[in-house]
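1. show me the folded form of this:
(one chain, ligands or ions: 1)
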Amino acid sequence: MSHSHNVDTHHVPLLDIVGENRPLHNEILAAVREVFESGRFLYGPAVTELEDAVAKLSGSKHAIGCASGSDALLLALMAMEIGPGDEVIVPSFTFFATASAVERVGATIVFADIDPVTFNLDPAKVQAAITPNTKAIIPVHLYGRAADMTELQRIANEAGVQVIEDAAQAIGSSHRGCGVGAWGDVGCFSFYPTKNLGGCGDGGMMTTCSDEMAERLRLFAAHGMNPRYVHRVVGINSRLDTIQAAALCVKIKHLASWTESRRQNAATYRELFTDAGLANDITLPSDDADGTHVWNQFTIRVPAARRDALRTHLAEQRISSEIYYPIPLHQQECFRHVNYIPGSLIESERAAAEVLCLPIFPELTIEQQQRVVNGIVSYFESRKASAA
Ligand SMILES: *Cc1c(COP(=O)(O)O)cnc(C)c1O
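-> So this is what the prediction gives:
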């Protein structure tokens, strides 16, 4: 056993990006160096290589690199010509970018509530939110678990509206044997460093099975320009840097084994929490019987009155945790005009008050997981002791 003076061996981080990259250090730097020496910083061969790899992984015909997951969502809406007067149904319990993209193109955000077990869009609530002005639905595969794409796609087909999958947290995940990103009209991925496939900065990708949509997405991501200096539509400048793609090409080869480690860590938590007898105090996230959960986050529910105190207790023991997300989007100041009163999306509000995300990254050790579980046990024991 090694005891380095500078390493805090008791700290359980939420994520270990440096640790994940360390074994690939030389390989990533060699790939970056190759791009540097080629001078092809944009549209280099590594971008095409990564596009092919992501298309294959999701089971889509095409993948198109762009600058971020947020841009992927924006570009999908632009390519579908969604704008003023159009309604787009999104969850409120998600990252900001899912809804801000809708606002950015001038369309109307329509929030639908989530299923309390999966944390994903509740198809019945989506069905109820459809109007003649609905143009698209954006299901989010939150925490790495695929939304109920069977039902959502059926509702969308029946209503004649498009589906944009926000798969930013779910690369490699699937529903009923079909990869996320291949279910909807467009799939949106992010390579933000904390995602399951994280770059060395920002990056994103869009997937589609339609040749026409692929061409439009590429056009909109390149100033609507084709050929050079001929602008057919008003697009934006959103590209995946070749340097990012080169690093990601090295990393994507390890994604399956990292995902396997995340799944193993989730199974280990389930055993440890069950052995600890915490069933009455917290609710564990369930695995997905209809697909492959890739566990970007392992999110427990804690009674709202206890959640923040538990988080503080864990922090005192050098155990990191995070709240994704503390304020549902319909309660954000910038979306006040969307006009949702408190209580209108009851499950989203309850989730925001109860969720706590625990470390689940691939390099997490069983000792660290035991420390997390012990930390939660000791919180509830100390509460029971003080109540007795
Ligand atoms: C991270 C994330 C995004 C945005 O991706 P960026 O690459 O950071 O722009 C969008 N939606 C969800 C659900 C995300 O988690």
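
2. the ligand contacts on the stretch 151-300 of the chain?
-> 166, 168-169, 190, 192, 202, 204 (CB under 6 Å from any ligand atom). From N, CA and C alone the C-beta is placed, and that goes for glycine too.

3. residues near the residue lying closest to Ile360 once chain neighbours are set aside, how many?
-> Taking CB to CB, 6 or more residues apart in numbering, and ignoring the residues beside it in sequence, Ile360 has Phe298 as its nearest neighbour in space, at 3.9 Å. For Phe298, the neighbour count with other CB atoms under 10 Å is 25.

4. so how far is the ligand from Phe298?
-> 15 Å (CB to the nearest ligand atom, to the nearest Å).

5. hey, what's that residue bridged with?
-> Going by DSSP bridges, Phe298 is paired in beta bridges with Leu358.

6. my read: it touches Ala267, true?
-> No. Contact between Phe298 and Ala267 fails when scored by CB atoms under 8 Å: they sit 10.7 Å apart.

7. where along the stretch 151-300 of the chain do the helices fall?
-> 211-221, 242-252, 255-276 (DSSP state H, counting those that start in this stretch).

8. most tightly packed of these?
-> helix 242-252 (a mean of 24; mean count of other CB atoms under 10 Å).

9. other SSEs contacting it?
-> If you count contacts as 3 or more CB pairs under 8 Å, 6 or more residues apart in numbering; DSSP states H and E, helix 242-252 packs onto helix 25-38, helix 45-58.

10. list the buried ones in the first one?
-> If you call a residue buried by 16 or more other CB atoms under 10 Å, then helix 25-38 has these buried ones: 28, 31-32, 34-35.

11. neighbours around Pro23, how many?
-> Quick note: Pro23 (other CB under 10 Å) scores 11 neighbours.

12. pLDDT wise, what is it at?
-> What the model reports for Pro23 is a pLDDT of 96.

13. again, but for the one 10 residues further on
-> Here, the pLDDT recorded for Arg33 equals 98.

14. list the contacts of it.
-> If a contact means CB atoms under 8 Å, 6 or more residues apart in numbering, then Arg33 has no contacts.

15. look up how far the ligand lies from it.
-> The spacing between Arg33 and the ligand, counted by CB to the nearest ligand atom, is 25 Å.

16. Phe335 now?
-> Separation of Phe335 from the ligand (CB to the nearest ligand atom): 15 Å.

17. burial of that residue, as a residue count?
-> 19.

18. show the pLDDT at Ser2.
-> 44.

19. on that earlier part again, any chance of CSV for the helices of the stretch 151-300 of the chain, columns mean pLDDT and distance to Ser68?
-> Shown next, in CSV, are the helices of the stretch 151-300 of the chain (pLDDT from 0 to 100; distance: least, CB to CB, whole Å):
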stretch, mean pLDDT, distance to Ser68
helix 211-221, 98, 11
helix 242-252, 98, 10
helix 255-276, 97, 19
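
20. make a markdown table out of the ones you listed and add distance to Gln332.
-> Compiled in a markdown table, these are given as follows (distance: least, CB to CB, whole Å):
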| stretch | distance to Gln332 |
| --- | --- |
| helix 211-221 | 27 |
| helix 242-252 | 29 |
| helix 255-276 | 29 |
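
21. wait, which of the buried residues of helix 25-38 is closest to Cys249?
-> Nearest to Cys249 among the buried residues of helix 25-38 is Ala31, at 6.7 Å by CB to CB.

22. pLDDT of stretch 148-158, averaged?
-> Averaged over stretch 148-158, pLDDT sits at 98.

23. listing request: residues of the stretch 101-250 of the chain with sub-threshold pLDDT.
-> Applying pLDDT under 70 to the stretch 101-250 of the chain flags no residue at all.

24. closest to the centroid, which residue in the protein?
-> Gln169 (1.9 Å; CA atoms, centre = their mean).

25. ok, now which ones touch it?
-> Applying CB under 8 Å, 6+ apart to Gln169 gives the contacts 140-144, 190, 195-196, 296-297.

26. repeat the analysis, applying 10 Å as the threshold.
-> 69, 94-95, 140-145, 180, 189-190, 192, 194-196, 294-297, 324 (CB atoms under 10 Å, 6 or more residues apart in numbering).

27. okay, the residues of the stretch 151-300 of the chain next to the ligand in TSV with distance to Arg176 next?
-> Shown next, in TSV, are those (distance: CB to CB, whole Å):
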residue	distance to Arg176
Asp166	19
Ala168	21
Gln169	19
Ser190	24
Tyr192	27
Asp202	32
Gly204	25
